[in-house]
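Student: Compute the structure for the input listed below.
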Amino acid sequence: MIDKKLLEILVCPVCKKKLIESNDKLICRNCNKEYMIIDDIPVLLSDQAQANSV
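Tutor: Okay, here's the model as predicted:
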């Protein structure tokens, strides 16, 4: 789980919009990308992002 203060400042590296935490992922609803959270560390690399299935 990502600290709430950190989550407030994290943005999508592609479109710079807010991210939402869901399970073990950070989701950008603007550009429909998912970023993995591995060992409580968000992996915000655009080349490793996946398309959001929601």
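Student: shaky segments in the chain?
Tutor: For the chain, the stretches flagged by pLDDT under 70 are 53-54.
Student: Break down it into its helices, ranges please.
Tutor: 4-9 (DSSP state H).
Student: biggest strand in this structure by residues?
Tutor: strand 33-38 (DSSP state E).
Student: Outside of it itself, which residues are in contact with it?
Tutor: With contact meaning C-beta atoms under 8 Å, 6 or more residues apart in numbering, strand 33-38 is reached by 2, 12, 14, 19, 21, 24-28, 42-46, 48-53. No exception for glycine: its C-beta is placed from N, CA and C like everyone else's.
Student: and if we set it to 6 Å?
Tutor: Applying C-beta atoms under 6 Å, 6 or more residues apart in numbering, the contact partners of strand 33-38 are 24-27, 42-44, 49-50, 52.
Student: before we move on, what about stretch 40-54?
Tutor: By C-beta under 6 Å, 6+ apart, stretch 40-54 touches 13-14, 26-27, 32-36.
Student: Kindly export the longest strand of the chain (C-alpha atoms) in PDB.
Tutor: Provided in PDB are the C-alpha atoms of strand 33-38 (Å, rounded to 0.1, in the frame of the first residue of the first chain):
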ATOM      1  CA  LYS A  33      -2.500   2.900 -18.100                       C
ATOM      2  CA  GLU A  34      -1.700   0.600 -15.200                       C
ATOM      3  CA  TYR A  35       1.600   0.700 -13.300                       C
ATOM      4  CA  MET A  36       2.700  -2.100 -11.100                       C
ATOM      5  CA  ILE A  37       3.600  -1.700  -7.400                       C
ATOM      6  CA  ILE A  38       6.400  -4.100  -6.500                       C
END
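Student: What strands flank that strand, and is each parallel or antiparallel?
Tutor: strand 25-28 (antiparallel), strand 41-42 (antiparallel), strand 50-51 (antiparallel) (DSSP bridges).
Student: Tell me which of those strands sits most buried.
Tutor: strand 25-28 (a mean of 21; mean count of other C-beta atoms under 10 Å).
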